[in-house]
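# What would the 3D arrangement of this be:
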Amino acid sequence: MTPSVPLLRAWCTALTLASASLAAHAAAWSDALRQQIEKIDKATPGQLGVYVKRLDTGEVLSYQADRPWYLGSSAKLPVAIALLQEVEQGKHSLAEQVTLQDTDKVDGSGNVVWNKAGTRYRVDALLKRMLMESDNTAANMLMRTIGDAALQRRARDLLGTRGFERITNFTQVRYDVYAELHPDARKMANMDLVRLAAAPMGPKRVDALARTIDVTTTDLRVKTMDEAYQRYYARGLNSAPLTSYGGMLEKLVTGKLLSPAHQQRLFTNLKYATYDAYRLEAGLPRSERFIHKTGTQLHRACHMGVVNPQDGGHAAIMVATCAEDLDEHGEAGRAFEQIGRAITQTFFPGKKPGR
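Model prediction:
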């Protein structure tokens, strides 16, 4: 039976009103959240970038999110996805054994660096260490296992090509930074890098570098670690727009990147079942699940994650945040927690942050 013209008109009117209501609601939350983020940014040294997307409505808040941001250890998530995609194609196995080499060792998070060369690890154990402990040496081992060509190809598929150049291993990051002071820094052994990191960041690190490569400080091309890092960041390595990173997170939780089994493994390693009250998470309610990865380097910090990624991402909220030109620990941590609180106020009224 063909509906009458008045009935069709009523349906169209109802649909139009519903669409307008959804659009108005989306505009209301995004405007309200943007106002809060602007206040947080104004009160925080440096700059903030924030990307938030609700999957139930598809609406987005983008605050300085289209430009590249340095990812730090949050680059380990695309590495993990690339690895699992290689496993799914039969090129590697989670049970595969990887042997620690001296050239894998690097300073930073994790304890793998302190084990003897020749120690063997399963791929799944390295994956867990890379994500849950942010182990830099484990990350180097997995990136070597994937191979640079495959990693860069898959990273471009995940993060696009606009504003993204390449992901380098963590030893290369150190060499690239220190070489800004003197090119002989690239000749240092990996354990030289580890020992060098024991010197406090700043003039003492510069002096320690000069001693390690046997030059005087007058031979250095730049005089401060701040300037060396600024020059390094300007190269655009290990950087991507937050819109691109958020898009990767969306594909992950909606099952477009990995099989259900590997997706769940990744969720576990991204702390789906734990609560650390750290950065963004400190501002979110304990009742909401949160998978996430952080990144920290001199004057740079990021926190990327998905609130409620379960059930195919039906009610998921993508959050990608980065900060620059500030203290990467205290100031960045407070700013990210405040952003988490703003998200709680916007999307979970009546609930309190878990801290």
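
# pLDDT of stretch 191-208, averaged?
For stretch 191-208, the mean pLDDT works out to 98.

# Just the helices from the stretch 51-200 of the chain, written as ranges.
If DSSP state H, counting those that start in this stretch is used as the criterion, the helices of the stretch 51-200 of the chain fall at 76-88, 123-132, 136-146, 148-159, 170-179, 190-196.

# Contact partners for the closest residue to Gly108 other than its chain neighbours?
Nearest in space to Gly108, with sequence neighbours left out and distances taken as Cβ to Cβ, 6 or more residues apart in numbering, is Asn136 at 3.7 Å. (C-beta placed from N, C-alpha, C; glycine too.) When contacts are counted by Cβ atoms under 8 Å, 6 or more residues apart in numbering, Asn136 is found next to 73, 106-110, 113, 170.

# How about Gln47?
Listed by Cβ under 8 Å, 6+ apart, the contact partners of Gln47 are 41, 64, 323-325.

# bridging residues for it?
Gln47 forms beta bridges with Glu324, as assigned by DSSP bridges.

# Check it and give its pLDDT.
The predicted local confidence for Gln47 is 97.

# got it, and Ala28?
82.

# for Thr2, same thing?
pLDDT, Thr2: 50.

# Same check on Gly305?
pLDDT, Gly305: 98.

# now that we're looking at it, how far away is Tyr278 from it?
Counting by Cβ to Cβ, to the nearest Å, the gap from Gly305 to Tyr278 is 11 Å.

# Point to the residue nearest the middle of this structure.
For the chain, the residue whose C-alpha lies nearest the mean C-alpha position (Cα atoms, centre = their mean) is Ser74; its distance is 2.5 Å.

# Find the nearest non-adjacent residue to that one, please.
Leaving out its chain neighbours, the residue that sits closest to Ser74 by Cβ to Cβ, 6+ apart is Gly295, at 3.7 Å.

# looking at it, the one you found is touching Ala75, isn't it?
Yes: Gly295 sits in contact with Ala75 when judged by Cβ atoms under 8 Å, with a separation of 6.9 Å.

# Who has more neighbours out of these two?
Between Gly295 and Ala75, counting by other Cβ atoms under 10 Å, Ala75 is the more crowded of the two (28 against 22).

# okay, the more buried one: pLDDT?
98.

# how far away is it from Asp192?
Using Cβ to Cβ, one gets 24 Å for the distance from Ala75 to Asp192.

# circling back to that earlier point, of the contacts of Asn136, which is the nearest to Ser259?
Distance ranking of the contacts of Asn136 against Ser259, using Cβ to Cβ, places Ser73 first at 25.1 Å.

# Check the burial of that closest one by counting its neighbours.
If you count neighbours by other Cβ under 10 Å, Ser73 ends up with 24.

# residues in contact with it?
Ser73 sits next to 109, 134, 136, 139, 293-296 when contact means Cβ under 8 Å, 6+ apart.

# Recalculate using a threshold of 6 Å.
When contacts are counted by Cβ atoms under 6 Å, 6 or more residues apart in numbering, Ser73 touches 134, 295.

# Surely Trp69 and Thr321 touch.
No: between Trp69 and Thr321 there is no contact, the gap being 9.0 Å when judged by Cβ atoms under 6 Å.

# and stretch 239-248, how far out from the chain's middle?
Distance of stretch 239-248 from the chain centroid (Cα atoms, centre = their mean, to the nearest Å) equals 9 Å.

# I should have written stretch 344-355 there, sorry.
Between the mean C-alpha point of stretch 344-355 and the mean C-alpha point of its chain there is a distance of 23 Å (Cα atoms, centre = their mean).

# go on, stretch 104-122?
22 Å.

# residues contacting the closest residue to Asn115 other than its chain neighbours?
Leaving aside its chain neighbours, Asn115 sits nearest to Leu100 (6.0 Å; criterion: Cβ to Cβ, 6+ apart). With contact set as Cβ under 6 Å, 6+ apart, Leu100 has these partners: 115, 117, 119.
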